[in-house]
Structures are given as C-alpha cells and as structure tokens.
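**Q** fold the following.
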Amino acid sequence: MMKQYGTVLVVDDSPAILTTARICLEDVFARVITISSPDTIIATLREEHVDVVLLDMNFTHGLNSGREGMIWLSAIHRLFPDLPVVLVTAYADVRLAVRGLKNGAVDFVTKPWDNDELIRTLKDAIDGTREMVSLDELEQRHIRMVVDKCHGNMSKAAELLGITRQTLYKKYRP
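**A** Numbering: from 1, shown residues only. Below is the predicted model:
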C-alpha cells in the first residue's frame, strides 16, 4: 500500500472525470473529495482540511478560454494563499498554463492525463519539494509532451498548442 497523501479536492463539471480521478487517486490519497460545481469550492475549503486542489479550467459547456478556472484560482488564493492548486484542462494551451502559473497555480495537467504523472504532480504540490523550473523549460516540456502525443505530427501538435507550425519548429527542442 502506498503512503497516504492527505486530502485532494477535485473540481470538474464532468461526472466521468470526477469518477476517473477518484479511482485514480483513492489508493494514494487519504481522502478524495469531488465536486462538480465551482460555486461550492470556497464552502468546501472552509469545511474540510484540503492539502491540494485539482481545478478544471472550464465549467461552461462550449467555452475553453480557461477564464473560469482563473477566476476560481484567484478566489482560492485570496482566501487560502498557501493551498497548492494544480490546473487541469482538456485544451493543450501553453499560454493558458503559463498564465495559470503566473497567477499562483503550482502546476497543470492536460486531459486525458497519465495517471502516474497526475499522482506525481499532486504529491509534488503537497510536498512542496518541487524543483523550480523556468517558464521556458516548462513550455519545452509541454511542447515535447504534445508532439509525443501527436506521434510527431507537427501540424496536429501546432494546432493543439494554438500556434503555427513555423512557430512550433522555432520553439521545439527535442
């Protein structure tokens, strides 16, 4: 049995994502609290001891700007400044992820996530022993991950990243 890593709060509007997260995390974390509406985040954080929040970036069907996630990230940090928040999004958008990091998130993961990577990211957030990396290095890791997921298809990777192929070729360092 793995070490129990405190309590994680998962906030996502998708019941399937909440179920998947619970199954993935329940053997590692002492408690996994799932909520489907961001409107209850603050009340939940006031009632429960939470060690890390896994926060979706988008809650309104059809919107993928990440604006809602940024608003909730700001609200969490205003009231609970030391609580680590990991952002999760279905859209591989480096600019959005960097903006989240600049606004106080400790990390981000993209859907669909790799279970081991998600667990490692949440553990690192709790442990606070994460290595500090530059935004350039974080961008490079994300670009490499997207290119790998696209099996080297640079056109598809550029589309997912929201940049031109020419820009991707300039930024990509294998």
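**Q** please make it C-alpha for all contacts and neighbour counts, starting now.
**A** Fine.
**Q** so the chain: which segments form each domain?
**A** Under the assignment automatic domain parsing, the domains of the chain span 7-132, 134-174.
**Q** could I get the ones you listed as TSV with mean neighbour count?
**A** Shown next, in TSV, are the domains of the chain (neighbours: other Cα atoms under 10 Å):
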stretch	mean neighbour count
domain 7-132	17
domain 134-174	15
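**Q** want to try a markdown table for these, with mean pLDDT as columns?
**A** Converted to a markdown table, the domains of the chain look like this (pLDDT from 0 to 100):
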| stretch | mean pLDDT |
| --- | --- |
| domain 7-132 | 87 |
| domain 134-174 | 88 |
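**Q** now the strands for the chain?
**A** Listed in chain order, the strands of the chain (DSSP state E) span 7-11, 31-35, 52-56, 85-89, 107-110.
**Q** and the contacts of the third one?
**A** The set of residues external to strand 52-56 that reach it, using Cα atoms under 8 Å, 6 or more residues apart in numbering, is 7-13, 69, 73, 83-89, 122, 125-126.
**Q** Thr164 reaches Met154, doesn't it?
**A** No - if you go by Cα atoms under 8 Å, Thr164 and Met154 don't touch, sitting 9.5 Å apart.
**Q** ends of stretch 120-139, what's the gap?
**A** 19 Å (Cα to Cα, to the nearest Å).
**Q** return the distance of that stretch from the chain's centre.
**A** The chain centre lies 12 Å from the centre of stretch 120-139; the measure is Cα atoms, centre = their mean, to the nearest Å.
**Q** need the contact partners of that stretch.
**A** 5, 51-52, 54, 84-86, 94, 98, 106-107.
**Q** farthest pair in the residues you listed?
**A** Largest separation among the contacts of stretch 120-139 by Cα to Cα: Tyr5 and Val94, giving 28.4 Å.
**Q** which stretches of the chain form helices?
**A** For the chain, helices defined by DSSP state H occupy the ranges 15-25, 41-47, 67-79, 94-102, 115-127, 135-149, 154-161, 165-171.
**Q** put together TSV for those helices, with distance to Ile33 on each row.
**A** Shown next, in TSV, are the helices of the chain (distance: least, Cα to Cα, whole Å):
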stretch	distance to Ile33
helix 15-25	8
helix 41-47	9
helix 67-79	16
helix 94-102	22
helix 115-127	14
helix 135-149	28
helix 154-161	30
helix 165-171	38
